[in-house]
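> Give me a model of this one.
(2 chains, ligands or ions: 3)
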Amino acid sequence: MPTLYERLGGAPAVDAAVDIFYRRVLADGRIARFFDNVNMEEQIAKQKSFLTMAFGGPNKYTGKDMREAHKKLVAKGLNDMHVDAVVENLSSTLRQLGVNEKDVLEVAALANSVRADVLNR
Amino acid sequence: MTLLTYRSAAIDIEPGEDVLSALLRAEIDAPHSCRAGVCQTCLHRAVEGAPPAAAQEGLTEAQKAQGYFLACVCVPKTPLTVIPTDEAAARSEVIVRAIDRLSGDVARLYLEHGPDFSYRPGQFLELITPEGLGRHYSIASVPEEDPHVELHIRLHRGGRMSGFVSEQLSPGDRLHVAGPLGTCFYEGVDPGQPLTLVGAGTGLAPLMGILRDALRRGHHGPIRLYHGARERAGLYLHDPLEALAAKRENFTYVPRALSDPGPEGGDVAAAVLEQELALKETAFFLCGGERLVGRLKRDLFMKGASLKQIRSDVFLAAN
Ligand SMILES: Cc1cc2nc3c(=O)[nH]c(=O)nc-3n(C[C@H](O)[C@H](O)[C@H](O)COP(=O)(O)OP(=O)(O)OC[C@H]3O[C@@H](n4cnc5c(N)ncnc54)[C@H](O)[C@@H]3O)c2cc1C
Ligand code: HEM
Ligand code: FES
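Ligands and ions are numbered 1, 2, ... in the order given. Presented below is the predicted three-dimensional model:
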């Protein structure tokens, strides 16, 4: 049986989703400040990493990596509300791309499963 | 036999292990993020041996041809010698053939180069003085048509390379260059697609190269070139570009000088945002200072342009 990542379309699906997702995030007043980096290429690379992971892709991230990646953001006030906002933007991006509801929920659950690490709890 | 060499050091790599993991295990601080072949942060270059095709998926043809690959998904089967991308530039000698002025504070330099220096218009090189001072400059010439490499150098007051170029350099002098570098050139653009070039100041240099390259490669979609400057004198190729626009049906030239009250006055970024309408379909090239390029890239993206279709070079000052 194909994995979630394969069902969604793998790396090309990440490429297709990243512009829409990043545009939504930058337009979302709740979380834009965390992402408004002058170096957009660098940000896009990180967004792709995020999407690959949320799509169930073949990353090798550990909980410790997630803690490290978001440590500075937690110091700047990152909390549950922001994770909710990210998951919301992720879900609406997938719906816009025509992904079926079952897979959308599976992606959201995957993203939510690292909440504690992301928030360094 | 070692399967993996980094610069000149043999690196231990296990069967089935990817190059990135092996480098990290050897305590080499290799940049990375997704570790899944998607984000391209782990780009490296193979200088000996051929990386497997799977490690080059998603790269441009130009990058593949130069041996670039993604270390996180590269499991070598045959010996590979790799280097980080910022060391990929080879050095060569050039001879200054001419220096003239395009405007009061922009010098034009023509450099004769050997056959080993091959470039695409719009790429940049590092110009190196005999004392070892290095600065980056974009290439305005087209190798198939021009015998020499052409650079446009803005002469900053108090600038070290600026001073060297305006006071010391003369025709016949020998210098070193490293490169070429950069991926801001006409590649992966559909010949029928709208092509929009935006530059401020000497940001025009790479755009001239890209424009001429696009035309000689038969680009038939609409091409618009926006050039911004503080003063009218800074629109230093105004007349030839206006003449080209009169001759070429698919080419439009939009000059904007900040301090000019006339119809060619105003902010170049504002002109772009006002006149560019087919954002989703257009290939953009943005070159020049950080303020223009950074702001415009974000604005175009938010209004619907695809980030993949925005190529840019920021003329960062050397630290
Ligand atoms: C990829 C790339 C491509 C480039 N292409 C070109 C090009 O085609 N043509 C070109 O003219 N330059 C280009 N540059 C900029 C160039 O490399 C040098 O930074 C610039 O020429 C200044 O060098 P300098 O030694 O004369 O001045 P420096 O001695 O480095 O600086 C002297 C003073 O000038 C100031 N200064 C330097 N640059 C600027 C600036 N842009 N605006 C305002 N103040 C500045 C510095 O802050 C400093 O106070 C490019 C840079 C990059 C990174
Ligand atoms: C919902 C679960 C989340 C997951 C699975 C996740 C995943 C990731 C991943 C994989 C990276 C790349 C790490 C790297 O390679 O350096 C990353 C970086 C980042 N994340 Fe998250 N993230 C989540 C939530 C959030 C939230 C809620 C925010 C802010 C609102 C956020 C902001 C960022 C930022 C700004 C970076 C870049 C950090 C840097 O520049 O180094 N993330 N995230
Ligand atoms: S780390 Fe993202 S492509 Fe290799």
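
> Any idea which helix or strand in chain B has the lowest mean pLDDT?
Among the helices and strands of chain B, helix B:61-65 carries the lowest confidence by mean pLDDT, DSSP states H and E, at a mean of 78.

> Figure out the length between the terminal residues of stretch B:82-95.
End-to-end span of stretch B:82-95 (C-alpha to C-alpha, to the nearest Å): 31 Å.

> Secondary structure element holding residue B:269?
If you go by DSSP states H and E, residue B:269 is part of helix B:268-275.

> Averaged pLDDT, that helix. What do you get?
The pLDDT scores in helix B:268-275 average 97.

> Can you name the residues in contact with that helix?
Residues outside helix B:268-275 that contact it (C-beta atoms under 8 Å, 6 or more residues apart in numbering or on different chains) are B:196, B:198, B:200, B:224, B:226-228, B:254, B:256, B:292, B:295-296, B:299-300, B:303. Heads up, the C-betas are built off the backbone N, CA and C, glycines and all.

> residues in contact with residue A:41?
Applying C-beta under 8 Å, 6+ apart to residue A:41 gives no contacts.

> which SS class is whatever residue of the stretch 201-319 of chain B ends up closest to ligand 3?
Nearest residue of the stretch 201-319 of chain B to ligand 3, counting by C-beta to the nearest ligand atom: residue B:308, 15.2 Å away. For residue B:308, the assignment made with DSSP: H, G, I helix; E, B strand; the rest coil gives helix.

> which stretches of the chain have low pLDDT?
The chain I'm using is chain A. Within chain A, the stretches with pLDDT under 70 are A:38.

> that's the wrong chain, I meant chain B
In the predicted model, chain B carries pLDDT under 70 at residues B:1, B:87-88, B:319.

> For chain B, which segments are assigned as helices?
In chain B, the helices defined using DSSP state H lie at B:19-25, B:61-65, B:160-163, B:204-216, B:238-247, B:268-275, B:290-302.

> Out of the ones you listed, which is closest to residue B:83?
Proximity to residue B:83 (C-beta to C-beta) singles out helix B:19-25 among the helices of chain B, at 11.3 Å.

> Please name the residues that touch residue B:61.
Counted by C-beta under 8 Å, 6+ apart, residue B:61 has contacts B:187, B:188.

> one step back: out of the contacts of helix B:268-275, who's near ligand 2?
The subset of the contacts of helix B:268-275 within reach of ligand 2, by C-beta under 6 Å from any ligand atom, is empty.

> Find the closest residue to ligand 1 in the stretch 151-300 of chain B.
Closest point on the stretch 151-300 of chain B to ligand 1, by C-beta to the nearest ligand atom, is residue B:159, at 2.3 Å.

> Look up how far residue B:172 lies from that residue.
Distance from residue B:159 to residue B:172, counting by C-beta to C-beta, to the nearest Å: 23 Å.

> which one of the two has more residues nearby?
Higher neighbour count among residue B:159 and residue B:172: residue B:159, with 16 against 8, using other C-beta atoms under 10 Å in any protein chain shown.

> For ChimeraX, write a command that selects the buried ones of the contacts of helix B:268-275.
Buried residues within the contacts of helix B:268-275, by 16 or more other C-beta atoms under 10 Å in any protein chain shown, are selected in ChimeraX with:
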select /B:196,198,200,224,226,227,228,254,256,292,296,300
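
> Which two among the contacts of helix B:268-275 are spaced furthest apart?
Taking C-beta to C-beta, no two of the contacts of helix B:268-275 sit farther apart than B:227 and B:303, at 21.3 Å.

> For the spatially most central residue of chain A, which three-state class applies?
Central residue of chain A (C-alpha atoms, centre = their mean): residue A:50, 4.3 Å from the mean position. Of the three states, residue A:50 takes helix under three-state DSSP.

> Contacts only, for it.
By C-beta under 8 Å, 6+ apart, residue A:50 lies in contact with nothing.

> Let's see that with 10 Å instead.
A:14, A:18, A:21-22, A:25, A:59, A:69, A:86, A:90, A:111, B:33-34, B:39 (C-beta atoms under 10 Å, 6 or more residues apart in numbering or on different chains).

> Of all the residues in chain B, which one is nearest ligand 2?
Nearest to ligand 2 in chain B, going by C-beta to the nearest ligand atom, is residue B:33, at a distance of 3.4 Å.

> my guess is that residue contacts residue B:43, does it?
No - applying C-beta atoms under 10 Å as the test, residue B:33 and residue B:43 come out as separate, 11.2 Å apart.

> Perfect, that will be all.
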